[in-house]
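>>> sequence and predicted structure, then a few things I'm wondering about:
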Amino acid sequence: MTLPFFVYGTLRPGEPNHDAFLRGRTGAEEPARLTGAVLYDGPGYPYAVPEPGGVVRGDLVTALPDAYEALLTTLDELEEYVPGDPRSLYERAVCEVTRETDGTAVRAWVYFAAPSVAASLRTRGTRITNGDWRTRGGERHPGYAEG
């Protein structure tokens, strides 16, 4: 299944991991939002956690066709996602996101905090109330890894 990626942290255009992992491998990048999730601040990168009524701001990134499989593998490694492994930091799921430009819904891959990480964040984490990791607290904060 070839889907775009919804990125909300350091993989967003202009962020460090975008340049390191996505530059030259994408055909389109556009502002988008994910409903039904909230953001928590991590150690240099954010985590999206499912939550009804929440909104996460990010970008919809479409990989070039010849780069898709390698990019999917690379992003899974970056996000420390291994299907079925309880030690994974993130889980990759198909979700509907909305393009900010025209309001159309698009199915995309989203990396969410793994269940054990999400449970910890819900009890002890710092929620990013505006849903935008770049502008949390009204300031732009660079990151070091992704969510």
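In hand now; what should we look at?

>>> in the protein, which strand is the longest?
Secondary structure of the chain read by DSSP state E shows that its longest strand is strand 46-63.

>>> from the contact counts, what lies against that one?
strand 5-7, strand 26-41, strand 90-99, strand 105-113, helix 115-124 (3 or more Cβ pairs under 8 Å, 6 or more residues apart in numbering; DSSP states H and E). All C-beta spots, glycine's among them, are computed from the backbone N, C-alpha and C.

>>> using TSV, lay out those together with distance to Arg134 and mean neighbour count.
As requested, those are exported to TSV (distance: least, Cβ to Cβ, whole Å; neighbours: other Cβ atoms under 10 Å):
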stretch	distance to Arg134	mean neighbour count
strand 5-7	11	26
strand 26-41	10	19
strand 90-99	17	17
strand 105-113	17	20
helix 115-124	19	14
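
>>> would a markdown table of those with mean pLDDT and distance to Gly14 be doable?
Listed next are these as a markdown table, based on pLDDT from 0 to 100; distance: least, Cβ to Cβ, whole Å:
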| stretch | mean pLDDT | distance to Gly14 |
| --- | --- | --- |
| strand 5-7 | 98 | 11 |
| strand 26-41 | 97 | 10 |
| strand 90-99 | 97 | 19 |
| strand 105-113 | 98 | 19 |
| helix 115-124 | 94 | 25 |
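
>>> so what's Arg33 bridging to?
Arg57, Thr98 (DSSP bridges).

>>> just to revisit the earlier point, which of the helices and strands packed on strand 46-63 sits closest to Leu60?
strand 26-41 (4.0 Å; Cβ to Cβ).

>>> so that closest one versus strand 46-63, what angle?
180 degrees (axes from the mean of the first three to the mean of the last three Cα atoms, to 10 degrees).

>>> mind saving the C-alpha coords of strand 26-41 as PDB?
Presented in PDB, the C-alpha positions along strand 26-41 are these (Å, rounded to 0.1, in the frame of the first residue of the first chain):
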ATOM      1  CA  THR A  26       9.500  13.600  -2.100                       C
ATOM      2  CA  GLY A  27       7.200  14.800  -4.900                       C
ATOM      3  CA  ALA A  28       4.900  16.900  -2.700                       C
ATOM      4  CA  GLU A  29       4.800  18.400   0.700                       C
ATOM      5  CA  GLU A  30       1.800  20.300   2.000                       C
ATOM      6  CA  PRO A  31       0.300  21.500   5.300                       C
ATOM      7  CA  ALA A  32      -2.200  19.100   6.800                       C
ATOM      8  CA  ARG A  33      -3.900  18.200  10.100                       C
ATOM      9  CA  LEU A  34      -4.800  15.000  11.900                       C
ATOM     10  CA  THR A  35      -7.900  15.000  14.000                       C
ATOM     11  CA  GLY A  36      -8.400  12.500  16.900                       C
ATOM     12  CA  ALA A  37      -4.900  12.900  18.300                       C
ATOM     13  CA  VAL A  38      -2.800  15.200  20.500                       C
ATOM     14  CA  LEU A  39       0.900  15.900  20.800                       C
ATOM     15  CA  TYR A  40       3.200  15.400  23.700                       C
ATOM     16  CA  ASP A  41       6.700  16.800  24.000                       C
END
